[in-house]
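Novice: attaching a predicted model along with its sequence, questions to come.
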Amino acid sequence: MDLKRAGDAIYVGRIFSDKVEMHKALSLYAMKRIFCFGIVASDKTRVISACVDKNCGWRVYAVTLPNTLNLEVRTVTMEHNCDVTARSRYGSKATAKILAGLLRGKFANGKKGPRACELLEMVLSELNVTISYMKAWNAKDLAVNATRGTKEGSFEFLSTYLHLVKSTNPGTITDLHTTVDKKGNTLFKYLFFAFGACIDGYKFLRKVIVIDGTAMKGKYKGCLVAASGQDGNLQIYPLAFGVVEVENDAGWVWFLKNLSKFVPDEEDLVFVSDRHASIHSALAKVYPLAHHAACSVHLFHNVNHKFKSGGLANLVSKAGRAYTVGDFRYWLRQIEETKPECAEYLLKIGLPHWTLSHFPGNCYNLMSSNISESLNAAMQKAVDYPIVSMVEFIRAMLMRWFWCRRTFAGKTRTRCTPKIEELLIDHLKESLNCAVNGATDWIYQVNEGIGCEFTVDLEKKTCTCRVFDVLMVPCCHVLAAGRIRNIDPYTLISRCYFVGPWREKYKGVVMPRPNEKDVDIPEELTEVPVNPPRTKRQGGRLKKRRIPSQGEVHHVSHAI
């Protein structure tokens, strides 16, 4: 707790900003020195504090400075002659408001802070005061509201906050959609925001976007949705975020329409998501040319839930991730022998929707929405915050990510990103046992040590194993053939994996927002206050842990 002794001294000439600050300072002073005081007089010109024992001479007299709210201490009497009964009442000054002021630093800057049950011991050790659990809970609630803002006040400040962010982050796209109820009140409905630095880096990104949503756990119901890709170093690259009331057709269509402002609809664009009906419907309306791949992990969970057969999900995983049609057919036969009903279920979904071998577009290594799950995990604390604090948490997180990756990319001296260099080394080791026979100057037959044969076309940059075709990184067969042809392997790698484009992705800077007092806020942003949506939660303790989806194995650790 913030109990610095240097700031709690009471002396003649000390100036307080207002009466509230003076009362807090005197309360902390009294608790640390084990006595209780009261306010004898308080008006526009003065404040007089004295010990609760009328026979005690302790007294502080402060006057209001002209044309301000500041108070200056003019006279003090520090000696005590009160009895033990009066001094034992010192704990009454440990109110929830006073404790909240001392606890603000514990919850600032996105800190989780102590739990209410932990505050009882903290207050006892620091202030020698025993408080109730309810007072500790109220103190924590007040401290959280003071640092993160109230849930209702956050919606009112949202328009101003978005204006502040856009003033220091050029190119940022925001959209706040509201509705008006029967009483004429303006209610929050949707929010979209994409920072300019993320938008600038999209043109250097592989055209595979993963979209997903996670439930918000605050006072008001809602869903935080996000669109993200993967950079050349195989790291999460967030593109855009949104807040919708619920994951339905209208919410996803609205989010995707805003996303289309900088992600145009193209035939080589791919979206990866779970098999949510609203996502599939919204993509068909907003991105009719793009391809849609179902998340393989969610499909495996559905198979586990529907058929409850050991090892079946593993077979489905191998079939979905098979690069060639021949490998897929092999694993599909295994599924048919194990559970014919599962094979029928998978065929009804449509092979192009969930198999890598039949997918019409190019989704590279992204066959699941795992990067969205990782992004949701990084924002786990933020979904419990008021909406402005949540957006600010995301902005600060992206600012930190961009700075760290920009620094790391600037120090990288290899031609490709570190992850791709590691992958190339692995493929190089695998190529050592490959025998190469030439058919033409560009086409080669490559035999693996286990007897498998593959055809490599160095001119068209293809290999019948399809690893090179899908990942656009030379496989072991291509590296073996390239050694015979004396071709530099880096000439066969996709441009997106080189260090240059990787640095360009993070060239933009996510800037902090300015102070509200230092910026002129347009009147139209504040004249109509935005109220919270009509989606208030019912009473009771909110669930903090993620609810496992159907078919997902939930591991629980048991203490011994």
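Specialist: Thanks, I have the structure now.
Novice: spatially central residue for this protein, please.
Specialist: Nearest to the mean C-alpha position of the chain, counting by C-alpha atoms, centre = their mean, stands Met379 at 2.7 Å.
Novice: just to check, that residue is in contact with Met397?
Specialist: Yes: with contact defined as C-beta atoms under 8 Å, Met379 counts as touching Met397 (7.2 Å). Where you see a C-beta, it was placed from the backbone N, CA and C, and this is true even at glycine.
Novice: chain neighbours aside, what residue packs nearest to Lys140?
Specialist: Ala116 (5.1 Å; C-beta to C-beta, 6 or more residues apart in numbering).
Novice: residue contacts, that neighbour?
Specialist: Ala116 is in contact with Tyr133, Ala136, Trp137, Lys140, counting by C-beta atoms under 8 Å, 6 or more residues apart in numbering.
Novice: could you check the pLDDT of the first one?
Specialist: So that's Tyr133. Confidence at Tyr133, expressed as pLDDT, is 90.
Novice: what about Pro264, neighbour count?
Specialist: A count of neighbours around Pro264, defined by other C-beta atoms under 10 Å, yields 11.
Novice: meant to ask about Ala396
Specialist: Ala396 is flanked by 16 other residues according to other C-beta under 10 Å.
Novice: so it, which of the three states?
Specialist: Taking DSSP: H, G, I helix; E, B strand; the rest coil as the rule, one finds Ala396 in the helix state.
Novice: for it, give its distance to Ala143.
Specialist: Distance of Ala396 to Ala143, computed by C-beta to C-beta, to the nearest Å: 20 Å.
Novice: who touches stretch 240-256?
Specialist: For stretch 240-256, contacts defined as C-beta under 8 Å, 6+ apart pick out 173, 177, 189-194, 198, 213, 216, 221-227, 258-259, 276, 278-279, 281-283, 285-287, 387, 391, 394, 533, 535.
Novice: so how far does it reach from one end to the other?
Specialist: One end of stretch 240-256 to the other measures 10 Å (C-alpha to C-alpha, to the nearest Å).
Novice: for the stretch 1-150 of the chain, what spans make up the strands?
Specialist: Counting by DSSP state E, counting those that start in this stretch, the stretch 1-150 of the chain has strands at residues 15-16, 37-42, 46-51, 59-64, 71-77.
Novice: which one of those strands lies nearest to Thr414?
Specialist: Proximity to Thr414, assessed across the strands of the stretch 1-150 of the chain by C-beta to C-beta, is greatest for strand 15-16 (59.4 Å).
Novice: now that closest one: mean pLDDT?
Specialist: Per-residue pLDDT values across strand 15-16 average out to 91.
Novice: elements contacting it?
Specialist: Here strand 15-16 touches strand 71-77, going by 3 or more C-beta pairs under 8 Å, 6 or more residues apart in numbering; DSSP states H and E.
Novice: please repeat the previous calculation with a cut-off of 10 Å.
Specialist: The contact analysis (3 or more C-beta pairs under 10 Å, 6 or more residues apart in numbering; DSSP states H and E) places strand 15-16 against helix 19-32, strand 71-77.
Novice: give the pairing partners of it; include direction for each.
Specialist: Looking at strand 15-16 with DSSP bridges, its partner strands are strand 71-77 (antiparallel).
Novice: could you export the strand it pairs with as PDB, CA atoms only?
Specialist: Extracted C-alpha coordinates of strand 71-77, given in PDB (Å, rounded to 0.1, in the frame of the first residue of the first chain):
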ATOM      1  CA  LEU A  71      -5.900  24.700   1.800                       C
ATOM      2  CA  GLU A  72      -2.900  25.900   3.800                       C
ATOM      3  CA  VAL A  73      -2.100  24.800   7.300                       C
ATOM      4  CA  ARG A  74      -1.700  27.800   9.600                       C
ATOM      5  CA  THR A  75      -1.500  26.400  13.100                       C
ATOM      6  CA  VAL A  76      -0.900  22.900  14.500                       C
ATOM      7  CA  THR A  77      -0.800  21.500  18.000                       C
END
